[in-house]
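**Student:** Provide a 3D model corresponding to the input given below.
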Amino acid sequence: MTPAPSELTIRPLTGADELGLFRRLSYVLDHELADDLATGRRRPEWMWVALRGDRVLGRLSWWTGQEGGSPQFLDFFDLDDTLPEPERGAIGLELVEKATAAVVPAGSPRPEYGRFIPPDWREDPAAREIVEARIRVMEASGARMLVERLRLEWRAGTPVPPDSGRLVFRQVSGREDLVALMAPVMEGTLDAHGQADLASGLSAREAAEKQYDEEFAGLRTPREWWRVAELPSGEPVGFVVPARNNYHPMISYIGVLPAHRGHGYIDDILAEGTRVLAAQDGVERIRAATDLGNVPMAKSFARLGYVNFERAFDMVWDH
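**Tutor:** This next block holds a predicted model:
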């Protein structure tokens, strides 16, 4: 007889010395765990396991971008995929609910859940079952799918087009300089997170300020890398935010103002952001991501030689 999920032990790690226990299941971000713990981006009390004896049947963990910060993202959720359904799903749901109740303060928004997945996961039956098993558990806990994204990578040695001369690039002068350009880009955006902010009642300006403060204000790389693209007349066309997070160089954000869309300027702006990062010492790769539905952006990345090496999805709880 199969033991019931209630017979599980579900608990957080007692300390960093239990990292080996957590690693008995695997995921593509396992190599980041030790450094995340050492730097405070992850804490043992945010890392939970579901155990039956010494067998790990499930695990999850939250992450924060700043040492000492509150959990920002649920980025680990793994199950023992040798378990049959519905047992696997029941264990996963119990793990999610117990850990969330202990880690996320009552009444606070639950951090998004995100997972990296193979680029061909729909065509691979084994990969599809693993992905859909996680989605089913999160949906049972009240989450909904927000977006699926392409994860892209420029690799050292890939040619970067020279400046076409159509646009003039200058450094971003400060928060207001960039927010004033981000606000109109929010109008008609194909970005699911931007659309969600607007649907929540935020104005385009408020959504731009929120994105700046949550995503850009904490970037530690030089703001001198950030670029505004203008016509020779000085009229702004768009912008790009090349940066580096805790793990790799990246194109953090890129946008073209509505009045200038459809003229191919996105390629010029992306090329400039790529040139800025590729010129830094020791850059082997540049990461980027775009929503699956943002076809024009995906095509621009492809034209610039970025490779779709992975996908990802984000799920959210509305309450």
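
**Student:** kindly list the longest strand within the protein.
**Tutor:** Scanning the chain for the strand with the most residues, using DSSP state E, yields strand 143-155.

**Student:** could I get the buried residue list for it?
**Tutor:** Neighbour-count burial for strand 143-155 flags 143, 146-154 (criterion: 16 or more other CB atoms under 10 Å). The way it works is simple: take the backbone N, C-alpha and C, and place the C-beta from them, glycine included.

**Student:** repeat that for stretch 208-220.
**Tutor:** Per 16+ other CB under 10 Å, stretch 208-220 contains these buried residues: 208-212, 215-216, 219.

**Student:** quick one: terminal-to-terminal distance for it?
**Tutor:** 20 Å (CA to CA, to the nearest Å).

**Student:** next: stretch 188-205.
**Tutor:** 13 Å.

**Student:** give me the buried positions along it.
**Tutor:** Buried-residue list, stretch 188-205, by 16+ other CB under 10 Å: 189, 191-198, 202, 204.

**Student:** ok, and the closest non-adjacent residue to the most centrally placed residue in the chain?
**Tutor:** Most central in the chain under CA atoms, centre = their mean is Gly114, positioned 6.9 Å from the mean C-alpha point. Closest residue in space to Gly114, ignoring its immediate chain neighbours: Asp314 at 4.6 Å, by CB to CB, 6 or more residues apart in numbering.

**Student:** kindly format the C-alpha coordinates of the helix or strand in which the one you found is found as PDB.
**Tutor:** Using DSSP states H and E, Asp314 sits in strand 307-317. In PDB, the C-alpha atoms belonging to strand 307-317 read as follows (Å, rounded to 0.1, in the frame of the first residue of the first chain):
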ATOM      1  CA  VAL A 307      20.400  31.500 -30.000                       C
ATOM      2  CA  ASN A 308      17.300  30.200 -28.300                       C
ATOM      3  CA  PHE A 309      18.900  27.700 -25.800                       C
ATOM      4  CA  GLU A 310      16.000  27.300 -23.400                       C
ATOM      5  CA  ARG A 311      12.500  28.500 -22.500                       C
ATOM      6  CA  ALA A 312      11.000  29.600 -19.200                       C
ATOM      7  CA  PHE A 313       7.500  30.100 -17.800                       C
ATOM      8  CA  ASP A 314       6.200  32.400 -15.000                       C
ATOM      9  CA  MET A 315       3.100  31.700 -12.900                       C
ATOM     10  CA  VAL A 316       1.400  34.100 -10.500                       C
ATOM     11  CA  TRP A 317      -1.100  34.100  -7.700                       C
END
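
**Student:** would you pull up how far the helix or strand that contains Leu74 lies from the middle of the chain?
**Tutor:** Here Leu74 sits within strand 73-79, counting by DSSP H and E. The chain centroid and the centroid of strand 73-79 are separated by 13 Å, computed with CA atoms, centre = their mean, to the nearest Å.

**Student:** likewise for stretch 19-35?
**Tutor:** 18 Å.

**Student:** endpoints of that stretch, how far apart?
**Tutor:** 11 Å.

**Student:** can you pull out the strands in the stretch 1-150 of the chain?
**Tutor:** 9-12, 47-52, 55-63, 73-79, 112-117, 143-155 (DSSP state E, counting those that start in this stretch).

**Student:** reformat those strands as TSV; add mean pLDDT and distance to Pro105.
**Tutor:** What follows is the strands of the stretch 1-150 of the chain, written out as TSV (pLDDT from 0 to 100; distance: least, CB to CB, whole Å):
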stretch	mean pLDDT	distance to Pro105
strand 9-12	98	16
strand 47-52	98	16
strand 55-63	98	13
strand 73-79	98	15
strand 112-117	98	16
strand 143-155	97	18
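
**Student:** possible to save those strands as a markdown table with distance to Glu94?
**Tutor:** Formatted as a markdown table, the strands of the stretch 1-150 of the chain follow (distance: least, CB to CB, whole Å):
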| stretch | distance to Glu94 |
| --- | --- |
| strand 9-12 | 6 |
| strand 47-52 | 7 |
| strand 55-63 | 9 |
| strand 73-79 | 11 |
| strand 112-117 | 16 |
| strand 143-155 | 15 |
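
**Student:** in the sheet, who's paired with Glu112?
**Tutor:** Phe73 (DSSP bridges).

**Student:** what about it, neighbour count?
**Tutor:** 17 (other CB atoms under 10 Å).

**Student:** returning to what we had before: now for the buried residues of stretch 188-205, which pair is the farthest apart?
**Tutor:** Within the buried residues of stretch 188-205, Ala192 and Ala204 form the most distant pair, 15.6 Å apart (CB to CB).
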